[in-house]
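# Can you look at this prediction? I've put the sequence above it.
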Amino acid sequence: MPGAVVPPERGTAGRHASVVYSDDRHWAAHLCAFVRGGLQRDEQMQYFADVTDPERVLRALADDGIDAVEAVRRGQLTVSTAARTYLAGAVFDPDSLFALWDEGVDTAAANGYRGLRVVGEMSWGTRDIAGADRLLEYELRIHHEVFERLPLTAWCFYDRRLVSDEGVNVLAGAHLTHRGGSAAEAALQVAPLHDSPGFLLSGSAGYDTRRVIDATAAAVSHAPAPRLELDLSDLHHVDAASLATLAEAAGRRPGGVPLQLREAPETLRRLLDLFPELRSTVEVLGR
């Protein structure tokens, strides 16, 4: 029988992973590793398919010697589709999905499991689905808003046959742990900070990376932490429009605490000299 609920593992980074693959063999290998891990830890498991037939998921497990039918029978494993779960509403909404994870963890606990373990196929995020443009915001926010609170493990499956290289690079890069194939560094990469609420920006922020900046700004404005920090030590350049977008997002945060900017590049410091009004919502730390 499953054991009692235990607190999350030390270090939340490893429980939210991007999984990048480009063929069925590697997909099946990651799937089976995911399920075996859940069986070993007495966790409840959910697989949310996008393009994969749920029956194919069960066959792949059976082919690897896993009694998936029995796991489904006793309620430890469910295989469904994203369209029937977190995409069931009229629009994809990160806050609604965060509430879904709270509910799922509570259900797992009520059933005697030690936590919840989830796989989601993320190829839907590149299609014309209402709210899909908020997927990067969701991936950035979930580390601090969900994994630091809940005994939840989630692997986000990115199939290179269905998601563009740019999409894989940006979305997979928003995770702190990576499995499977590597993702190249995007022109502008954003990821949660390991040690405190906030985000690490790497690369160059300009016109071509506006969608990434918009998603980062949305994550900044919604983050519940009273103090939020951006680590810019790997940011080589930022244009005025990107800085203004981030400053406006900081201004929408409750409490009036400025957004902390660590290791800001010289271009950003010069922009703040040109537009001193932005200093009311952002604060550069040190020199």
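Great, that's in hand.
# from here on, contacts and neighbour counts on C-alpha atoms
Will do.
# just so I have it, where are all the helices in the protein?
Under the criterion DSSP state H, helices of the chain are mapped to 24-40, 54-63, 68-73, 94-110, 135-142, 165-172, 210-222, 240-251, 266-274.
# buried residues in the last one?
Neighbour-count burial for helix 266-274 flags 268, 271, 272 (criterion: 16 or more other Cα atoms under 10 Å).
# Please apply the same query to the second one.
Going by neighbour count (16+ other Cα under 10 Å), the buried part of helix 54-63 is 54, 57, 58, 59, 60, 61.
# Please convert those to JSON lines, extending it with distance to residue 87 and pLDDT.
Output for the buried residues of helix 54-63, formatted as JSON lines (distance: Cα to Cα, whole Å; pLDDT from 0 to 100):
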{"residue": "54", "distance to residue 87": "16", "pLDDT": "93"}
{"residue": "57", "distance to residue 87": "20", "pLDDT": "97"}
{"residue": "58", "distance to residue 87": "22", "pLDDT": "97"}
{"residue": "59", "distance to residue 87": "25", "pLDDT": "97"}
{"residue": "60", "distance to residue 87": "25", "pLDDT": "98"}
{"residue": "61", "distance to residue 87": "25", "pLDDT": "98"}
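# Reformat those residues as TSV; add distance to residue 98.
Converted to TSV, those look like this (distance: Cα to Cα, whole Å):
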residue	distance to residue 98
54	24
57	25
58	27
59	30
60	29
61	28
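# Tell me where the stretch 101-250 of the chain is predicted with low confidence.
Applying pLDDT under 70 to the stretch 101-250 of the chain flags the ranges 182-184.
# Contacts only, for residue 219.
The neighbourhood of residue 219, defined by Cα atoms under 8 Å, 6 or more residues apart in numbering, consists of 137, 138, 140, 141.
# redo that, cut-off 10 Å
Shown in contact with residue 219 (Cα atoms under 10 Å, 6 or more residues apart in numbering): 134, 136-142, 198-199, 213, 246, 249-250.
# out of the buried residues of helix 54-63, which one sits closest to residue 172?
Taking Cα to Cα as the measure, residue 57 is the one of these closest to residue 172, at 22.3 Å.
# hang on, that closest one packs against residue 68?
Yes: contact status for residue 57 versus residue 68: in contact at 9.1 Å, counting by Cα atoms under 10 Å.
# What lies in contact with stretch 192-199?
Outside stretch 192-199, the residues that touch it by Cα under 10 Å, 6+ apart are 11-13, 139-145, 173-176, 190-191, 200-201, 216, 219-220, 223-232, 259-261.
# quick one: average pLDDT of stretch 274-287?
Averaged across stretch 274-287, pLDDT comes to 91.
# can you name the two of the buried residues of helix 54-63 that are farthest apart?
Between any two of these, the greatest separation by Cα to Cα is 11.2 Å, found for 54 and 61.
# Name the single longest strand found in this protein.
Ranked by residue count, the top strand of the chain under DSSP state E comes out as strand 229-238.
# now that one, how far from the centre of its chain.
Remark: strand 229-238 is offset 20 Å from the chain centroid, using Cα atoms, centre = their mean, to the nearest Å.
# Who are the contact partners of residue 47?
Residue 47 makes contact with 31, 34-35, 54, 57, 77-82, 117-121, 154-155, according to Cα under 10 Å, 6+ apart.
# Which strand residues bridge it?
Here residue 47 sits in beta bridges with residue 79, residue 119, going by DSSP bridges.
# and it, what pLDDT?
Looking at residue 47, its pLDDT reads 97.
# Kindly report the same for residue 82.
Note for residue 82: predicted pLDDT of 83.
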